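Q: Okay, predicted coordinates and the sequence, questions at the end:
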Amino acid sequence: MSRGFRGLGVFALLALVVMSVGACAQKGVPPVPGVGEPAYSGVGEGIGAGAYPGMEDVRWRELGITSESEKQEFLTKAEVFENRNIYFDFDSYVLSEPAKRILDEKIVFLRQYPRVRVTIEGHCDTRGTAEYNLALGERRANSAMQYLVNSGINGNHLTVISYGEERPVAFGNDEASHAKNRRAHFVLDY
């Protein structure tokens with residue numbers, strides 16, 4: 001099966017799952033927690049009567065966050081942190097100067113919130129074998145992690161994973177699409 005059809009197959013499978021969940025909700029089947037419905041009741045759970053799903057006061061205190069304004073500031077900065085990827089040249093895991101500048105911004109955040117944990121995902125474009133791209137994605141994630149560790153970030157709070165070519169953000173077969181897929185993505189766990 002060609003890579004284009006494989007990506008299309010994954011997309012089609014995801015669409016079927018989404019439609020199935022929607023159909024269940026329409027037929028009166030209780031929703032699955034985390035899929036369109038909060039998994040908490042909002043009474044006595046979370047912060048501010050459920051304002052932040054899944055985050056309890058204890059966890060906020062563990063992060064050193066106590067006031068509502070600190071919570072809002074954290075959530076705003078966390079969104080920026082997760083939405084700024086770093087990008088790599090073709091067949092490379094060497095950090096470019098723009099990538100280092102973005103990592104330097106992430107370091108500021110991680111120093112401000114030293115108790116958060118981060119998963120660094122390595123991604124590739126579709127050129128090369130699946131096995132090669134998994135290895136390259138891992139090298140990309142490790143390159144970013146090593147930069148953070150060398151800057152004083154606790155390596156015990158960092159995890160790397162490679163998705164190779166399996167989770168593209170751009171589906172074209174042109175250089176612009178390939179460039180968007182050659183990335184490291186950062187996911188916070190708090």
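A: Structure's in. What do you need?
Q: what's the next secondary structure element after the worst-scoring helix or strand of the chain on mean pLDDT?
A: Here the helix or strand of the chain ranked lowest by mean pLDDT, DSSP states H and E is helix 3-26, holding a mean of 46. Elements were assigned by DSSP states H and E; along the chain past helix 3-26, the next helix or strand is helix 57-62.
Q: Dump the C-alpha coordinates for that next one into PDB.
A: Output for helix 57-62, consisting of C-alpha atoms alone and laid out as PDB, is shown next (Å, rounded to 0.1, in the frame of the first residue of the first chain):
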ATOM      1  CA  ASP A  57      -6.700  22.200  43.600                       C
ATOM      2  CA  VAL A  58      -4.000  19.800  44.800                       C
ATOM      3  CA  ARG A  59      -2.400  19.600  41.400                       C
ATOM      4  CA  TRP A  60      -2.400  23.400  41.000                       C
ATOM      5  CA  ARG A  61      -0.600  23.700  44.400                       C
ATOM      6  CA  GLU A  62       1.900  21.100  43.300                       C
END
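Q: tell me the average confidence for that helix?
A: Per-residue pLDDT values over helix 57-62 give a mean of 89.
Q: Okay, buried residues for that helix please.
A: Taking 16 or more other Cβ atoms under 10 Å as the basis for neighbour counts, the residues of helix 57-62 that come out buried are Trp60. The way it works is simple: take the backbone N, C-alpha and C, and place the C-beta from them, glycine included.
Q: Any chance you could list what contacts that helix?
A: If you take Cβ atoms under 8 Å, 6 or more residues apart in numbering as the criterion, helix 57-62 is touched by 47, 66, 71, 115, 190.
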